[in-house]
Structure formats: structure tokens, C-alpha cells
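Participant: Provided below are the primary sequence and the corresponding predicted coordinates.
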Amino acid sequence: VGTMTSLVRLDLSNNKLWGQIPTEVGKMSSLVLFDLEGNNLQGGIPSEMGLLRSLAWLDLDQQDSLSGTIPTQIAILTTLAGLSIAGNILLEGT
């Protein structure tokens, strides 16, 4: 994942993925859209997401097993126009 530095859009929604969001996603510096809706991802949202300076849309809806806090690094993403985390009752803001 971390070697795809020119990738602009990554839509992995509704693919029954499980496990954690890899920290290597922070190396995908050109990413504008990152959609992981409707999978079964667990653990926290990696703080490395804050390195995605071009990110405009992040969709983590309907994971059910994401836990922890929303990293403060996401708040500094000035290009982020949409953040969707519905259906993750264990998430909390900082």
C-alpha cells in the first residue's frame, strides 16, 4: 500500500476486509479519496492518516469494530472536505 504514492482514489468499500488500517497508508501522498465503508476493520484510525495532505474525502462508515479516538492529525488536513464515520459507536473525538 505504501508504495502507491501516485494513487489518487482508493475505493475498497463493501469488500468484507478485516484487520487494521495499515499505517503505511500515510505514504500515499497523492490520495484524494479513501473509501473503506462497509468492511469489518478493527483497531484505531492510524495517526499517519494526517500525512495525507491531499485527502478530500475519508469514509470509514459501518465498521462496527473501530475503536479509540479520532486522531488529532486528521484535524490539520486542510483539504479534507468530508469525513464519514457513521456506524462506529466506539469512536470518540479528542
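Facilitator: Great, that's in hand. Numbers count the residues shown, from 1 in each chain.

Participant: who does the spatially most central residue of the chain form a beta bridge with?
Facilitator: In the chain, the centroid-proximal residue (CA atoms, centre = their mean) is residue 58; its distance is 5.5 Å. Assessed by DSSP bridges, residue 58 has beta-bridge partners residue 34, residue 83.

Participant: wait, it touches residue 31, no?
Facilitator: No. The criterion here is CB atoms under 8 Å, and residue 58 misses it with residue 31 at 9.3 Å. Where C-beta positions appear, they are placed from N, C-alpha and C, glycine not excepted.

Participant: apart from its chain neighbours, what residue comes closest to residue 80?
Facilitator: Of all residues not flanking residue 80 in the chain, residue 55 sits nearest, at 5.6 Å (CB to CB, 6 or more residues apart in numbering).

Participant: quick one: the strands in the protein, in order.
Facilitator: 9-11, 18-20, 33-35, 40-43, 57-59, 65-66, 68-69, 82-84, 91-92 (DSSP state E).
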